[in-house]
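J.: what follows is a predicted structure for the sequence shown.
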Amino acid sequence: MNYYEGLYILDSGRFARDPDGTVRQITDAITDAGGEVLVSRMWEERRLAYPIKKQRKGTYWLIYFKLEGTRLDEVRARFQHVDTILRYMHVRIDPRIIDMLVEHARGGLLTPRAVAEGGEDADNSEDDVEAVVDADAEN
């Protein structure tokens, strides 16, 4: 089993209308392929640098999961048919640092519905993620 970080840019309008359903499309694709979602949370919502599928605003969703490497293509193929995902990226994570990354991601965990309704911790700073990367670089 490999550990992965998945970053998804979601259609903000569709996410606001059905946050749970939008995120469930991602998590279901991972679990249906035999994977396990370790943590799933909103990173931030922001204006995009350029329009993607005619959208100017995106909701960034971060997921850490474990999955057999041979099954990742199955997950990617399924994402090609999901209109709410504008873009996505998967990065394989070294197993030695996955616990630290998951713990950090759980620090401001909210449900998709709470995020869509403007939960207090909905705005997550990019500085928080950079701090984790910097701390790992020092070790």
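T.: Right, received. Where do you want to start?
J.: quick check: which element contains V75?
T.: When elements are defined using DSSP states H and E, V75 is found to belong to helix 72-79.
J.: who's in contact with the helix or strand just after that helix?
T.: Downstream of helix 72-79, the next assigned helix or strand under DSSP H and E is strand 85-93. Strand 85-93 has contacts (CB atoms under 8 Å, 6 or more residues apart in numbering) with 2-11, 25-26, 52-53, 55, 58, 64, 69, 72, 75-76, 79, 101. C-beta: built from backbone N, CA, C; applies to glycine.
J.: now, which of these lie within strands?
T.: 2-11, 52, 55, 58, 64 (DSSP state E).
J.: now, of those residues, which are buried?
T.: Buried members of those, scored by 16 or more other CB atoms under 10 Å, are 2-6, 8-11, 58, 64.
J.: quick one: low-confidence parts of this protein?
T.: The model of the chain has pLDDT under 70 over residues 108-139.
J.: the residue nearest to the spatial centre of the chain and P51: what is the separation?
T.: When the chain is reduced to its mean C-alpha position, the nearest residue by CA atoms, centre = their mean turns out to be L62, at 2.0 Å. According to CB to CB, to the nearest Å, L62 stands 22 Å off from P51.
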